[in-house]
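**Student:** Build me a model:
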Amino acid sequence: MKSCHMADLFGQDPRRFTDFSRRFEDIFVDYSKNIITKETLLLLSGLARECELKDAIKRLFAGDEINETEGRAVLHVALRIDPIPPSR
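**Tutor:** You can find the predicted model right below:
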């Protein structure tokens, strides 16, 4: 992929923007401007399954001890909790 150019990727695939972007509710992610292919996504998906990423994410949010080097939970999600609930 080192010699691959973005213009070539868009030229080869007129649906690139559609295929490499996602919307979830009010969140929109466009990764079409990254030097990746459909094969790249397949390989990454396979790696995620092999590493049991879904299970790891569940364990992260559950506060399980997943930091193997320190033997403790990683509390990244706690940093993102809004301490002030929205007013109703």
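
**Student:** Show me what stretch 37-55 is in contact with.
**Tutor:** Applying C-beta atoms under 8 Å, 6 or more residues apart in numbering, the contact partners of stretch 37-55 are 1, 9, 19. Every C-beta, even on glycine, is put in place using the N, C-alpha and C of the backbone.

**Student:** are any of the residues you listed buried, and which?
**Tutor:** Taking 16 or more other C-beta atoms under 10 Å as the criterion, what is buried in these is Leu9.

**Student:** Nearest to Lys58 among the contacts of stretch 37-55?
**Tutor:** Asp19 (28.1 Å; C-beta to C-beta).

**Student:** My read is that that closest one contacts Asp13, right?
**Tutor:** Yes: applying C-beta atoms under 8 Å, one finds Asp19 in contact with Asp13, separated by 7.0 Å.

**Student:** Help me confirm that Val29 is found in a helix?
**Tutor:** No: going by DSSP: H, G, I helix; E, B strand; the rest coil, the assignment for Val29 is strand, not a helix.

**Student:** Specify the local secondary structure of the residue nearest to it when sequence neighbours are not counted.
**Tutor:** Nearest non-adjacent residue to Val29, counting by C-beta to C-beta, 6 or more residues apart in numbering: Arg22, 5.2 Å away. Put simply, Arg22 is strand when judged by three-state DSSP.

**Student:** And Arg22, how far from Tyr31?
**Tutor:** Distance of Arg22 to Tyr31, computed by C-beta to C-beta, to the nearest Å: 8 Å.

**Student:** Kindly report the same for Arg15.
**Tutor:** Taking C-beta to C-beta, one finds Arg15 at 14 Å from Tyr31.

**Student:** do the same with Gly46
**Tutor:** 18 Å.

**Student:** same thing with Ala62?
**Tutor:** 28 Å.
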